[in-house]
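Participant: sequence and predicted structure below; questions after.
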Protein chains: 2
Amino acid sequence: MTEVKTVDVLIIGAGPAGLALANWFRNSSIKVLLVDKKPVPTRRGKAEGLKSTTNEIFNSYGIGPQIAAESWRLEEIAIWGQKKDGGSGIEREQLIQDKVEELGKVRETMLQQSRVEYHMQQNLLSHKNITIQYNTQPVEVKIDESSLHEDEAYPVEVRLVKTQVQSEAASNILANSTPDTANGDAEEVEERIRAKYIVGCDGAHSWLRKQLQVQLEGDLTDSVFGVVDMIPKSNFPDIRRVCYLRASTGTILLVPRSNKEVRLYVPVESGSSLSDPKDLTFDRIISAARKIISPYTLEVGSVSWWSAYRVGQRVGSHFSRHNEKAFLVGDAVHTHSPKAGQGMNTSIQDAYNLGWKLRFVLQPTKPQLDPKAARNLLATYESERRPVAQDLIAFDRGYLKLFAAPSSEFDTEFLRAMKFTTGLSIRYPPSCAVQLPRGVETAEQLGPSLLKADLVPGKRLPDFQAVYQADGITCWIHKRLQATGSFRVIVFAGDVATHRHLSENVQKLGKYLANPETGLGVLTAGGAAAPVEVLMVHSADREKVEPRDLPEVFRPWSDSEGYDYWRLLADAESVHEGHGRVYERLEIDTEKGRAVVLRPDGYIGAVLGVDDIDGLGEYFRGLGMLPS
Amino acid sequence: MTEVKTVDVLIIGAGPAGLALANWFRNSSIKVLLVDKKPVPTRRGKAEGLKSTTNEIFNSYGIGPQIAAESWRLEEIAIWGQKKDGGSGIEREQLIQDKVEELGKVRETMLQQSRVEYHMQQNLLSHKNITIQYNTQPVEVKIDESSLHEDEAYPVEVRLVKTQVQSEAASNILANSTPDTANGDAEEVEERIRAKYIVGCDGAHSWLRKQLQVQLEGDLTDSVFGVVDMIPKSNFPDIRRVCYLRASTGTILLVPRSNKEVRLYVPVESGSSLSDPKDLTFDRIISAARKIISPYTLEVGSVSWWSAYRVGQRVGSHFSRHNEKAFLVGDAVHTHSPKAGQGMNTSIQDAYNLGWKLRFVLQPTKPQLDPKAARNLLATYESERRPVAQDLIAFDRGYLKLFAAPSSEFDTEFLRAMKFTTGLSIRYPPSCAVQLPRGVETAEQLGPSLLKADLVPGKRLPDFQAVYQADGITCWIHKRLQATGSFRVIVFAGDVATHRHLSENVQKLGKYLANPETGLGVLTAGGAAAPVEVLMVHSADREKVEPRDLPEVFRPWSDSEGYDYWRLLADAESVHEGHGRVYERLEIDTEKGRAVVLRPDGYIGAVLGVDDIDGLGEYFRGLGMLPS
Ligand SMILES: Cc1cc2nc3c(=O)[nH]c(=O)nc-3n(C[C@H](O)[C@H](O)[C@H](O)COP(=O)(O)OP(=O)(O)OC[C@H]3O[C@@H](n4cnc5c(N)ncnc54)[C@H](O)[C@@H]3O)c2cc1C
Ligand SMILES: Cc1cc2nc3c(=O)[nH]c(=O)nc-3n(C[C@H](O)[C@H](O)[C@H](O)COP(=O)(O)OP(=O)(O)OC[C@H]3O[C@@H](n4cnc5c(N)ncnc54)[C@H](O)[C@@H]3O)c2cc1C
């Protein structure tokens, strides 16, 4: 028998979800094995749109700049419809800007999935605790029920084999590459792995999902999509804009790509003779597209990739199983139409949600984490992400309809859709990681999940621009919040230079946080590597604030490195990029202030008064980080 | 005897100047050999500030994004002086923003020289026509006077030897690394090279300069500088700002670096006992600095590099020799104090000026370039760059004085200085590459070299933001202008949708430019690879402009790639970044328009009326590109 290797986390699938998950374990001692049956990383095709919230994740992984440098934008969206005067052909009905004002920054950028995966993969290479094995797939998984409640056990046992090498080139270019046909055969060489946790990031045809007996709920729709990446020769005026074309002969979603390519999504609706993707040839896709775009021309310059597939709108019945020892992430538990560009983004965001929780329960802590607290936290992966997937499916249905027959409120609906797809309407329910404000008993009392970018527990911290007290350099807060696994307490201290009670609050809070013997001080001691990092954003005149008068926790000293100047921010005018107006955007009273607990994933755990030391303690006790 | 290799250009020295020069030859068939006596690329120390004009060069080389991603900014500059109330110690006198409004963008970014060199070097690796050899230095050069006037000859003969390997670590960290001591000894292995051109980019102690018998004119000043890169432990409040500290005990220039380091420049003025750099130990630099910064504390955390040297303010008597077959670039022909951060920037800009001219005369053209025209153009390297170096020295003297005793106009003077160091006041004199406007006979008639960013022959094209007609994506013009060696004609066509005479101008010009048989048409035919690329920036309502109604030269068609959508720009509102107001900034009348000829280096060759077809032809005839 082969030797058994042990790892902390075994991840099946190195697509966007698997790579995003693995990135959470950089700079830790947690042992991770990532396997993929592909022989090499993805090289072409698939997703391209990156929502700003996904770019925030890349920033937190330190790969934001590289990805941004390669990305480009699509700023304008054109809606085309059948000519109003009854003539044949189409005309432009509307031109929409791809912009959500309250986001305060660019909503979406474009980069092909292969490059996104490339940067996430490269980011792992220097971390010895994380191994990626291509050409490898599981053939058997056993989860030992008896050890499920023992924290240190390795309840998952998996048998891995080498996948027979397939040429990606052969299956992907100018060939019908429906995912079903892409399965490699297994060879003999095998390996046995024992793991504490297993995560299936193995895509829409997930092997692990089947092993865990998780059902996909919903429908495999009748919609068949043809997708083509090509250099067009066309006199269509909006060929470099995102276009929704709706003619009597069908619809096209046209998305410009890098260089001179465009991508065409051509849905073939139910009842058509082409409703089996296997029948949808390249020529049939193009000739359908030509009819829709006429009277404009559409010649094919060259084709870099094409595919045809049937859209399912389905969500997994469970996102975790076996007492939170096995998880499913990304396309493995939700599929939908590609129209709103949600697949890659949602998969990465799923992984981002799960990753810090696994890191949290696996990293050595003092005192040791209670296994029940650990399971509680891990259970929030399903309670937080499954509703997101369900909303996504519901949205997807409405979105398809919106374009079929735009209403008079098309603009409003489209803006709503843009906010939705950016993730601005996500609010995680109350749990051990999301604490309702004092006086609020249920999430319903908070009102509907608002689209506005605001400070509500369970929502992502709205990004904002402040400047560092020390050097006046601008700081977008999500770029500052690296994925280290730390929780953050952001103290919006208010105008501390003017109001005495505010500076007293800060002194009191600072004293509590700085004392390594008591309460939260236990969690904030240790500088940058502390489980809880403390930041301040004040709204006072920068010139009137003297950092050395503030409690040391806001400018900790290290004997080897001197002061940490990057914890103290001001809501002030920057030299080159205007004023972030943080307090105004977040509706924080400069005479009162606010303390916000941020989870390691940048979502808000609690919103408290600056002097609410008890509330702070309560949050961390709820997670088992402080003795109760 | 060893075999003789031939190359087109032999570059001595792979510092900022040599690497910047070599980058001009990417994507060409010109054979370049770059040698450096160092065993490996620079790893630490030296320059850090990048002016926006240097960043424009990196953008044109395609490495702007990588460099920008690693760079950071210093936004605020503090001036400290002796306490006014007569007390001992220093106080802050002024806080200045590092900003030049009319530049329309960030003036300066910071990245250490080693990373700048790294990116320039990496950018060469995939180009087989360019070879870099480290550990190699010339020991003999002969220039064959008899062949100087034959175009195809290789008049330069050089003997190269391997340099004995030295440990950089040993000479650079915590040791006194005055440049004079860094010379390696030569070994036996040798190579013979014949070249058409030789360029000395070999720094302040240039070997080639001595061989060419070029004198440095000016003084080796009495100023000795101590420079220290360290992590400070200090309670000085502006430790993260650029600070000019002037105490009765001396002056410090303090520049924050990446991480938690700062760099201190501590000049030791003449008459001091420390006026020989060899006597200036690390401890003496620090104790001088401590006196100046008191009553604030200054402890040394750790030191990554330090050095001491004497500043020379000198300019080479010649920048080229032997009938423009041998050139000197960068520190090899000018040295000055490091205070204004001009060394690396000016060296790169020298190289950028020379590079396109060498490429121009070396690349095969049809009809073949007249050798006299070639020499004329190469001679402009000296006539353009030597005055820049002279101005720099003059500036350097004034700058040192400015900080010694700030006048009541300190603010105005400092802003002037910022514009100067950014290169905004450079205006190259009239020559075959710089054509005076009609009716203007001498450069003097244009008035003094203005600091304003304006459209004047011999000045750099002010950077501006427009949007592409096709997709509304913003375009900063200097990012668009890749270093391909092409000249550009930018047609500011005006409001072509409203004014009939403007659209007629455009049609006429377009017809002329598009005809591959006559005049300029010869130079613009061939799409992206043409010797002259044509762009348009109109000021009309974007929705009223139909690209297919414009002459084809503004949207050329390629059978393999379809239309080129990126030649047609609009002065219009962008979705995310406001309105560039190009016509307003450049003072172009939207009812008249303007045609601007840009040299391959982004400097303005000619400014003409949109209908001045003769003027256009004249410019290119002057360069020998069209028969006269
Ligand atoms: C044409 C097209 C266009 C799209 N456009 C967009 C868009 O614009 N925006 C967007 O956000 N999304 C888009 N998507 C969706 C997006 O590609 C997916 O949602 C995303 O790739 C899902 O990521 P994942 O990591 O969950 O799964 P996958 O990307 O499918 O990755 C799964 C990985 O697991 C591996 N694997 C599978 N089974 C096994 C096994 N048994 N053993 C080992 N390894 C296994 C696979 O080789 C693969 O590498 C598009 C998809 C398509 C097809
Ligand atoms: C402490 C310090 C701080 C500075 N700060 C700034 C700043 O902030 N901003 C700024 O713009 N400038 C600054 N400078 C100046 C800047 O470093 C130089 O101006 C710049 O490096 C000049 O570039 P160069 O390529 O002309 O010469 P160098 O950088 O000196 O490069 C010359 C190269 O030629 C090689 N070489 C020399 N002789 C031979 C030979 N015989 N054979 C083969 N190879 C040879 C050398 O090894 C070297 O690689 C600073 C300099 C110092 C020392």
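Facilitator: That came in fine, so what should we check first? Ligands and ions are numbered 1, 2, ... in the order given.

Participant: excluding residues flanking it in the chain, which one is nearest A:Ala514?
Facilitator: A:Val553 (4.4 Å; C-beta to C-beta, 6 or more residues apart in numbering or on different chains). No exception for glycine: its C-beta is placed from N, CA and C like everyone else's.

Participant: against A:Gln507, how distant is that neighbour?
Facilitator: Using C-beta to C-beta, to the nearest Å, one gets 11 Å for the distance from A:Val553 to A:Gln507.

Participant: pick out whichever of the two has more residues nearby.
Facilitator: Neighbours around A:Val553 and A:Gln507, counted as other C-beta atoms under 10 Å in any protein chain shown, are more numerous at A:Val553. The numbers are 27 against 14.

Participant: ok, A:Ile231 - contacts?
Facilitator: Contacts of A:Ile231 were listed using C-beta atoms under 8 Å, 6 or more residues apart in numbering or on different chains, and they are A:Asn259, A:Lys260, A:Glu261, A:Val262, A:Val300, A:Gly301, A:Ser302, B:Ser560, B:Glu561, B:Gly562.

Participant: quick one: buried ones out of those residues?
Facilitator: Applying 16 or more other C-beta atoms under 10 Å in any protein chain shown to the contacts of A:Ile231, the neighbour count classes A:Lys260, A:Glu261, A:Val262, A:Val300, A:Gly301, B:Glu561, B:Gly562 as buried.

Participant: still on that earlier bit, could you check how far the residue nearest to A:Ala514 is from A:Arg542?
Facilitator: Per C-beta to C-beta, A:Val553 is found 20 Å from A:Arg542.

Participant: check A:Gln133 too.
Facilitator: According to C-beta to C-beta, A:Gln133 and A:Arg542 sit 51 Å apart.

Participant: neighbour-wise, which of the two wins?
Facilitator: Per other C-beta under 10 Å, whichever of A:Gln133 and A:Arg542 has more neighbours is A:Arg542, with 19 against 15.

Participant: so which bits of stretch A:293-302 are buried?
Facilitator: Using 16+ other C-beta under 10 Å as the test for burial, stretch A:293-302 gives A:Ile293, A:Tyr296, A:Leu298, A:Val300, A:Gly301.

Participant: so the fourth one makes contact with A:Met230?
Facilitator: In this case it means A:Val300. Yes: look at A:Val300 against A:Met230 with C-beta atoms under 8 Å: they come within range, at 5.6 Å.

Participant: lowest average confidence, helix or strand, in chain A?
Facilitator: Counting by mean pLDDT, DSSP states H and E, chain A has its least confident helix or strand at helix A:168-172, which shows a mean of 39.

Participant: continuing past it, what's the next helix or strand?
Facilitator: Following helix A:168-172 in sequence order, the next helix or strand is strand A:186-200 (DSSP states H and E).

Participant: show the subsequent helix or strand relative to the helix or strand hosting A:Ala417.
Facilitator: For A:Ala417, the host element (DSSP H and E) is helix A:410-422. Once helix A:410-422 ends, the next helix or strand along the chain (criterion: DSSP H and E) is strand A:465-468.

Participant: which strands and helices lie in contact with that following strand?
Facilitator: For strand A:465-468, the contact count by 3 or more C-beta pairs under 8 Å, 6 or more residues apart in numbering or on different chains; DSSP states H and E identifies strand A:474-476, strand A:568-570 as packing neighbours.

Participant: can you give me the strands for the stretch 301-450 of chain A?
Facilitator: A:320-321, A:326-328, A:334-335 (DSSP state E, counting those that start in this stretch).

Participant: export those strands as a markdown table, with columns for mean neighbour count and mean pLDDT.
Facilitator: As requested, the strands of the stretch 301-450 of chain A are arranged in a markdown table below (neighbours: other C-beta atoms under 10 Å in any protein chain shown; pLDDT from 0 to 100):
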| stretch | mean neighbour count | mean pLDDT |
| --- | --- | --- |
| strand A:320-321 | 24 | 96 |
| strand A:326-328 | 28 | 98 |
| strand A:334-335 | 29 | 91 |
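
Participant: quick one: which of those strands is nearest ligand 1?
Facilitator: Closest to ligand 1 of the strands of the stretch 301-450 of chain A, according to C-beta to the nearest ligand atom: strand A:334-335, at 7.7 Å.

Participant: check contacts around whichever residue of the stretch 151-300 of chain A sits closest to chain B.
Facilitator: Evaluated by C-beta to the nearest C-beta, the stretch 151-300 of chain A has A:Arg240 as its residue closest to chain B, separated by 3.9 Å. With contacts defined as C-beta under 8 Å, 6+ apart, the neighbours of A:Arg240 are A:Pro256, B:Tyr468, B:Ala470, B:Asp471, B:Tyr565.

Participant: doesn't the residue nearest to A:Ala514 fall inside a helix?
Facilitator: Yes: assessed by DSSP: H, G, I helix; E, B strand; the rest coil, A:Val553 belongs to a helix.

Participant: I'd say it and A:Asn515 touch.
Facilitator: No: using C-beta under 8 Å as the test, A:Val553 is too far from A:Asn515 to be in contact (9.4 Å).

Participant: count of neighbours near the closest residue to ligand 2 within chain A?
Facilitator: Across chain A, no residue is closer to ligand 2 than A:Asp471, which sits at 17.2 Å (C-beta to the nearest ligand atom). By the other C-beta under 10 Å criterion, the neighbourhood of A:Asp471 contains 20 residues.

Participant: same question for the one 4 residues further on.
Facilitator: Residues near A:Cys475, counting by other C-beta under 10 Å, number 20.

Participant: got the CA positions of the helix holding A:Ala417 in PDB?
Facilitator: The C-alpha atoms that make up helix A:410-422 are tabulated as PDB, following Å, rounded to 0.1, in the frame of the first residue of the first chain:
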ATOM      1  CA  PHE A 410     -35.200  50.000 -17.900                       C
ATOM      2  CA  ASP A 411     -32.600  52.500 -16.700                       C
ATOM      3  CA  THR A 412     -33.500  52.100 -13.000                       C
ATOM      4  CA  GLU A 413     -33.600  48.300 -13.400                       C
ATOM      5  CA  PHE A 414     -30.300  48.200 -15.200                       C
ATOM      6  CA  LEU A 415     -28.600  50.300 -12.500                       C
ATOM      7  CA  ARG A 416     -30.100  48.000  -9.800                       C
ATOM      8  CA  ALA A 417     -28.700  45.100 -11.800                       C
ATOM      9  CA  MET A 418     -25.300  46.700 -11.900                       C
ATOM     10  CA  LYS A 419     -25.300  47.200  -8.200                       C
ATOM     11  CA  PHE A 420     -26.500  43.600  -7.700                       C
ATOM     12  CA  THR A 421     -23.800  42.000  -9.800                       C
ATOM     13  CA  THR A 422     -21.200  44.100  -8.100                       C
END
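
Participant: right, I'll leave it there.
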